[in-house]
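1. quick one, structure for this:
(one chain, ligands or ions: 1)
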Amino acid sequence: MRQGAYKFAIVVGASSGIGAELVRQLAESGCRVAAVARRGDRLQVLAKEYPNRVIPIVADVLKFDDTAEVFLRCTDALGGLDLVIYNSGIMPDVAPTEFNFSKDHAMIETNLSGAIAWLNVTAERFLSSRRGTIVVIGSVAGDRGRRGQPVYNASKAGLHAYAEALRNRLSRSGVRVTTIKPGPVATDLVAHLGFRGAMPARQAAEIILAKSGRGSEQYLKISHRVIFATIRLIPSWIFRWIPI
Ligand SMILES: NC(=O)c1ccc[n+]([C@@H]2O[C@H](COP(=O)([O-])OP(=O)(O)OC[C@H]3O[C@@H](n4cnc5c(N)ncnc54)[C@H](OP(=O)(O)O)[C@@H]3O)[C@@H](O)[C@H]2O)c1
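-> Got it, this is the predicted structure:
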């Protein structure tokens with residue numbers, strides 16, 4: 001991302017992993033960032049690293065009725081807005097024979113409903129100013145229905161469809177909507193899966209920001225695009241034997 005590409009940004013899901021790195025890199029580029037998440041102590045650490053650049057906003061994306069008010073708090077504190085990144089996501093450990101509605105519901109609400117709540121208010125704001133960039137953090141996991149994480153996959157597939165629709169709705173208004181589909185990134189979210197060769201969060205954030213204005217679906221690497229395009233072609237009766 002070039003220096004000064006964005007002046008005012010909101011990162012939702014900013015307290016750890018990819019989100020915290022996005023906040024750091026935006027702040028380093030000269031952008032003022034409203035960093036939104038539940039863990040205020042983590043947000044305070046970021047705010048201390050970048051005084052006057054990072055504004056900590058403690059909020060839970062599951063409190064849907066508060067979204068519009070928290071969004072306004074962010075824009076008032078920033079003094080403007082040109083980028084919103086929806087990054088909040090959860091992926092609880094799900095055993096192969098577990099069908100746990102409470103975990104499933106939490107994933108749908110955090111990964112999908114929270115995104116819809118935040119991006120609907122963002123879309124209205126950007127539509128009236130006829131400019132702005134929205135970035136949605138999806139996942140390669142949303143490309144197929146895997147036996148290991150049925151509802152995480154469904155939440156990301158739903159998020160990709162919602163983001164595509166938003167992109168198509170806003171395309172004639174000068175508003176760009178970019179969907180990022182990361183593969184494995186070394187963060188707390190996937191620590192229990194023991195991925196080897198996962199991308200460092202800092203590198204993932206760099207690529208996300210570099211691709212943020214593309215206004216289309218983006219993988220982090222060309223090799224991911226090729227691998228996951230191939231995976232999409234595997235017939236379901238073979239795909240079901242792949243363990244994750
Ligand atoms: N790591 C990977 O391999 C990978 C691959 C593909 C896609 N992704 C996606 O990348 C995004 C970031 O994940 P990560 O890997 O960086 O994991 P992470 O370190 O666990 O970050 C998740 C972020 O989501 C926030 N969040 C969760 N529930 C929230 C809630 N109710 N309200 C507000 N914020 C909430 C967390 O903040 P608080 O807990 O402080 O609220 C945290 O900042 C997720 O959408 C994930 O699905 C990750």
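2. every contact and neighbour count from this point should use C-alpha atoms.
-> Fine.
3. list the contacts of the longest helix belonging to the chain.
-> Longest among the helix segments of the chain by residue count, using DSSP state H, is helix 150-170. For helix 150-170, contacts defined as CA atoms under 8 Å, 6 or more residues apart in numbering pick out 91, 104, 107-108, 111-112, 115-116, 123, 127, 136, 138-139, 141-146, 175-179, 215-216.
4. the very next helix or strand once past it pairs with which strands?
-> Next along the chain after helix 150-170, taking DSSP states H and E as the criterion, comes strand 175-181. Using DSSP bridges, strand 175-181 pairs in its sheet with strand 132-137 (parallel), strand 217-219 (parallel).
5. what angle do helix 150-170 and the longest one make with each other?
-> Relative orientation of strand 132-137 versus helix 150-170 (axes from the mean of the first three to the mean of the last three CA atoms, to 10 degrees): 160 degrees.
6. any part of strand 132-137 near the ligand?
-> Yes. Legend: contact between strand 132-137 and the ligand by CA under 6 Å from any ligand atom is shown at residue 137.
7. ok, and what's touching stretch 55-65?
-> Against stretch 55-65 from outside (CA under 8 Å, 6+ apart): 32-40, 43-44, 46-47, 67, 70, 74, 77-78, 88, 109-110, 114, 117.
8. ok, stretch 91-100 next?
-> Stretch 91-100 has contacts (CA under 8 Å, 6+ apart) with 103, 107, 147, 148, 149, 152, 189, 190, 192.
9. any residue of the longest helix of the chain touching the ligand?
-> No. Helix 150-170 is not in contact with the ligand by CA under 6 Å from any ligand atom; minimum separation 7.6 Å.
10. now do the buried residues in that helix.
-> For helix 150-170, a neighbour-count test (16 or more other CA atoms under 10 Å) marks 150-160, 162-164, 166-167, 170 as buried.
11. quick one: the strands in the chain?
-> 8-12, 32-37, 54-58, 83-86, 132-137, 175-181, 185-186, 199-200, 217-219 (DSSP state E).
12. redo those strands as a markdown table? Include distance to residue 25 and mean pLDDT.
-> Output for the strands of the chain, formatted as a markdown table (distance: least, CA to CA, whole Å; pLDDT from 0 to 100):
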| stretch | distance to residue 25 | mean pLDDT |
| --- | --- | --- |
| strand 8-12 | 11 | 98 |
| strand 32-37 | 10 | 98 |
| strand 54-58 | 11 | 98 |
| strand 83-86 | 13 | 98 |
| strand 132-137 | 15 | 98 |
| strand 175-181 | 17 | 98 |
| strand 185-186 | 17 | 95 |
| strand 199-200 | 14 | 96 |
| strand 217-219 | 19 | 97 |
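13. can you pull the contacts of the nearest residue to residue 217 once chain neighbours are set aside?
-> Of all residues not flanking residue 217 in the chain, residue 179 sits nearest, at 4.6 Å (CA to CA, 6 or more residues apart in numbering). The contact partners of residue 179, by CA under 8 Å, 6+ apart, come to 135, 136, 137, 138, 160, 163, 164, 215, 216, 217, 218.
14. and the second one, bridged to which residues?
-> Yep, that's residue 136 we're talking about. Under the criterion used (DSSP bridges), residue 136 bridges to residue 86, residue 179.
15. taking the contacts of stretch 91-100 together, which two end up most distant?
-> 147 and 189 (18.3 Å; CA to CA).
16. most tightly surrounded among the strands paired with strand 175-181?
-> Among the strands paired with strand 175-181, strand 132-137 has the highest mean neighbour count (mean count of other CA atoms under 10 Å), at a mean of 24.
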